[in-house]
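Participant: here are the coordinates; sequence isn't available:
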């Protein structure tokens, strides 16, 4: 009885310590979330310096959004570029994570490599994009090298071809994020009881077998976490393609992501359309997260 | 606020202005909004008493000058103005925008805005007589619907064709101006010359966007007619002519201001010509960089296929400024003082907004441009400035121009049919200007 009573009085402190977070969350997350939904039902934009609205228009913004059908195209672009970046990212992260965490290999200079692979993430995405834009521009150094090596006869317009432009975006996202993922996965791998690996070794398992039969299954919770955070980050992809294509999403808007599309509406401060798009994006993110969550195994473990 | 301003203006008019030595009784901080260094250089070099403190600060007497430079890219400059100008009158005195610069493409937006964001030039105490020598078109751009002048410019921006003399000698055997003009006198001849230049390894222009202004200034209808988007035939001619040249490999599809576009400012860039007004030659063509064509004086200027203008910077006084006298004095000095204006021409190879002075200078060999290898192009600019017609200018020009070029790039690059590119343009416009009817 006495113990239980004590626990209850400590709970009070728990709530008090939660206050800062909850306040910040309500002010910066909850309120914007609900005002976004609210705004999506209004016609509200600027024409030059003239404010138009806000006028209540019901679902007109949503209708306009789906009528053009462009939103699905941008969703497709976003997903394609995310997957193109995520597949190599998870592959290299698992490989590096397995190498670094393998006590048998004893990779030398681990700290050095861990730092180096994390470095690209420290550069601002915009600076990184500017760098790539300069490197791969029509008359840039990459083209100069390719032409002088005789690989191409004339400069290849990287930003004027759908797949080269998408690949560049995916490649940059890969470069920026694989270090982060490696660190996360490695932490997960190091958390696996080393006696399991030893037992497997004693039983004569090969390192491939150990990886697939022990490491991967036990890594699942971390993998699900990585997948979902990356998916949400991927859906919000913006800075890299925006700067790389100067906001146009060229060629023919095939590299335009959902958030770039959102940004287009902010030119005229069109809070109605932008709000509607945000709400749709919110729903899509929710649905995809649930799918990923369910598809990656039983929920008991994932939790 | 308005009353205070009026009284200041009236006192100023009553007391009269002792040029240069007036101790300005207004605010302590002069806030200037602009998008590049051009005006800052002009003020530093030519406004008497301006002292530079650092990159974004200066001093005029006791007044601190604070520069806020926001690049035009992606509309950042206008977005910034839209934020600060409508609330300028409520801002603290030292925070108030006093003077801001605008370009022709979007001048109307700030001149005709429902919320008044510019002071009338007349309210600053500057009379029509003082501005009598200026080119009419520079006034038309910044005159509001009621006929009030709301901005003043120190420059005129008639454009010419600026060609690479070395290339002309190599391909045509001479850089004689008449011969070159004959080669580019109309668009058909221009295209034929493009083929000739390609044989010799030159692009006639750096990118298709170089010729855009020449076509877009010669349209017969504006971008927006009765609230509906409208694409002029001459712009479609630009699309067709450009596509021909791109397909023939005679030019490229770079964006203006990109590094690739600017390669032709150097001999190795192998570009025959650019289209532009005086400021392009002086301000953008790397004239102070060793080895650039401009630095070697290797450009020449001819009229080209059609007359056009490009850009131009107007000075506007922000509504609510607490330094109206200083702003008025800057406007007077830079846009009406003949001595200062001719200095600008000599020092910066700019074409200034002073008709008699320019006409006199056109006859005077001492005004020859070093960047043009000693040619004096002022007569050409004078003739061009007279012809500038702004009747098809509108509020939506900048967004339309930008999106049209972006969309058509897809067509030129072979990623879309002409129809698809036009659809893309219309989509982009409906996003940018939800109030326009796009069909």
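Facilitator: Great, that's in hand. Since the model is a prediction, treat every value here as computed from it, not as a measurement. Numbering: from 1, shown residues only, chains lettered A, B, ... in the order given.

Participant: Could I get the contacting residues of residue B:53?
Facilitator: residue B:59 (C-beta atoms under 8 Å, 6 or more residues apart in numbering or on different chains). Where C-beta positions appear, they are placed from N, C-alpha and C, glycine not excepted.

Participant: Need the per-residue pLDDT for it.
Facilitator: With respect to pLDDT, residue B:53 scores 90.

Participant: quick one: secondary structure of it?
Facilitator: With DSSP: H, G, I helix; E, B strand; the rest coil as the basis, the three-state label of residue B:53 is strand.

Participant: Residue A:37 reaches residue A:277, doesn't it?
Facilitator: No: counting by C-beta atoms under 8 Å, residue A:37 does not reach residue A:277; the two are 11.9 Å apart.

Participant: before we move on, which element is the residue in the stretch 201-350 of chain B positioned nearest to chain A in?
Facilitator: Closest to chain A within the stretch 201-350 of chain B is residue B:260: 4.4 Å, counting by C-beta to the nearest C-beta. In the assignment (DSSP states H and E), residue B:260 maps to helix B:259-262.

Participant: Let me know the distance separating residue A:106 from residue B:168.
Facilitator: 69 Å (C-beta to C-beta, to the nearest Å).

Participant: who has more neighbours, those two?
Facilitator: residue B:168 (24 against 7; other C-beta atoms under 10 Å in any protein chain shown).

Participant: Distance of that one relative to residue B:176?
Facilitator: 8 Å.

Participant: how about residue A:265, what does it touch?
Facilitator: Residue A:265 sits next to A:273-274, A:277, B:431 when contact means C-beta under 8 Å, 6+ apart.

Participant: and of those, the nearest to residue B:314?
Facilitator: For those, the residue nearest residue B:314 by C-beta to C-beta is residue B:431; the value is 28.1 Å.

Participant: Chain neighbours aside, what residue packs nearest to residue A:182?
Facilitator: residue A:93 (4.4 Å; C-beta to C-beta, 6 or more residues apart in numbering or on different chains).

Participant: Whatever residue of the stretch 101-250 of chain B ends up closest to chain A: how many residues sit nearby?
Facilitator: Scanning the stretch 101-250 of chain B for the residue nearest chain A gives residue B:113, at 3.9 Å (criterion: C-beta to the nearest C-beta). Counted by other C-beta under 10 Å, the residues lying close to residue B:113 total 20.

Participant: What sits closest to the residue nearest the centre of chain A if chain neighbours are left out?
Facilitator: Taking C-alpha atoms, centre = their mean, the centroid of chain A lies closest to residue A:233, which sits 2.3 Å from it. Using C-beta to C-beta, 6+ apart and skipping residues adjacent in sequence, the residue nearest residue A:233 is residue A:177, 7.7 Å away.

Participant: can you tell me which residues contact the one you found?
Facilitator: A:85, A:89, A:121, A:230, A:233.

Participant: And for the helix or strand where the residue nearest to the centre of chain A lies, what's in contact with it?
Facilitator: Residue A:233 is part of helix A:216-235 when elements are defined by DSSP H and E. The contact list for helix A:216-235 (C-beta under 8 Å, 6+ apart) reads A:78-79, A:81-82, A:85-86, A:89-90, A:93, A:173, A:177, A:181, A:184-185, A:187-189, A:192, A:196, A:258, A:281, A:284-285, A:288-289, A:292-293, A:296-297, A:301-302.

Participant: What angle do helix A:216-235 and the host helix or strand of residue A:290 make with each other?
Facilitator: Taking DSSP H and E as the definition, residue A:290 sits inside helix A:271-295. Taking axes from the mean of the first three to the mean of the last three C-alpha atoms, to 10 degrees, one finds that helix A:271-295 is oriented at 170 degrees with respect to helix A:216-235.

Participant: same question for helix A:271-295, mean pLDDT?
Facilitator: For helix A:271-295, mean pLDDT is 90.

Participant: Over to stretch B:275-291?
Facilitator: On average, stretch B:275-291 scores 86.

Participant: what about that stretch and chain A, touching?
Facilitator: No: using C-beta under 8 Å from any C-beta of the partner chain, stretch B:275-291 never reaches chain A; the gap is at least 15.6 Å.

Participant: Which residues of the stretch 101-250 of chain A lie near chain B?
Facilitator: Close to chain B, as judged by C-beta under 8 Å from any C-beta, the stretch 101-250 of chain A has residues A:134, A:137-140, A:157, A:160-162, A:246-248, A:250.

Participant: from those residues, which is closest to residue B:125?
Facilitator: residue A:247 (42.6 Å).

Participant: wait, what's in contact with that closest one?
Facilitator: A:260, A:263, B:74.

Participant: What about the contacts of helix A:216-235, which are in helices?
Facilitator: Judged by DSSP state H, the contacts of helix A:216-235 include A:78-79, A:81-82, A:85-86, A:89-90, A:93, A:173, A:177, A:181, A:184-185, A:187-189, A:196, A:258, A:281, A:284-285, A:288-289, A:292-293, A:301-302 as members of helices.

Participant: Just the buried residues of the residues you listed.
Facilitator: A:78-79, A:81-82, A:85-86, A:89-90, A:93, A:173, A:177, A:181, A:184-185, A:188-189, A:258, A:281, A:284-285, A:288-289, A:292, A:302 (16 or more other C-beta atoms under 10 Å in any protein chain shown).

Participant: Can you tell me how far the residue nearest to the centre of chain A is from residue A:81?
Facilitator: In terms of C-beta to C-beta, residue A:233 sits 12 Å off from residue A:81.

Participant: Pull up the per-residue confidence for the residue nearest to the centre of chain A.
Facilitator: 92.

Participant: do residue B:1 as well
Facilitator: 42.

Participant: which bits of the stretch 51-200 of chain B sit near chain A?
Facilitator: So the stretch 51-200 of chain B meets chain A at B:74-75, B:82, B:85-86, B:109-110, B:113-115, B:117 (C-beta under 8 Å from any C-beta).

Participant: swap the cut-off to 10 Å and go again
Facilitator: B:73-75, B:78-79, B:81-82, B:85-86, B:106, B:108-110, B:112-117 (C-beta under 10 Å from any C-beta of the partner chain).

Participant: quick one on the thing from earlier: partners of the next helix or strand after the helix holding residue B:260 in the sheet?
Facilitator: Toward the C-terminal end, the helix or strand that comes next after helix B:259-262 (DSSP H and E) is strand B:271-276. According to DSSP bridges, strand B:271-276 has the following sheet partners: strand B:158-164 (antiparallel), strand B:203-205 (parallel).

Participant: and the residue nearest to residue B:163 when sequence neighbours are not counted, what does it touch?
Facilitator: Once flanking residues are discounted, residue B:163 sits nearest to residue B:273: 4.1 Å by C-beta to C-beta, 6+ apart. By C-beta atoms under 10 Å, 6 or more residues apart in numbering or on different chains, the residues touching residue B:273 are B:160-164, B:167-168, B:180, B:184, B:190, B:193, B:197, B:202-206, B:210-211, B:264, B:299-302, B:304.

Participant: circling back to that earlier point, do you know the pLDDT at the residue nearest to residue A:182?
Facilitator: For residue A:93, pLDDT reads 94.
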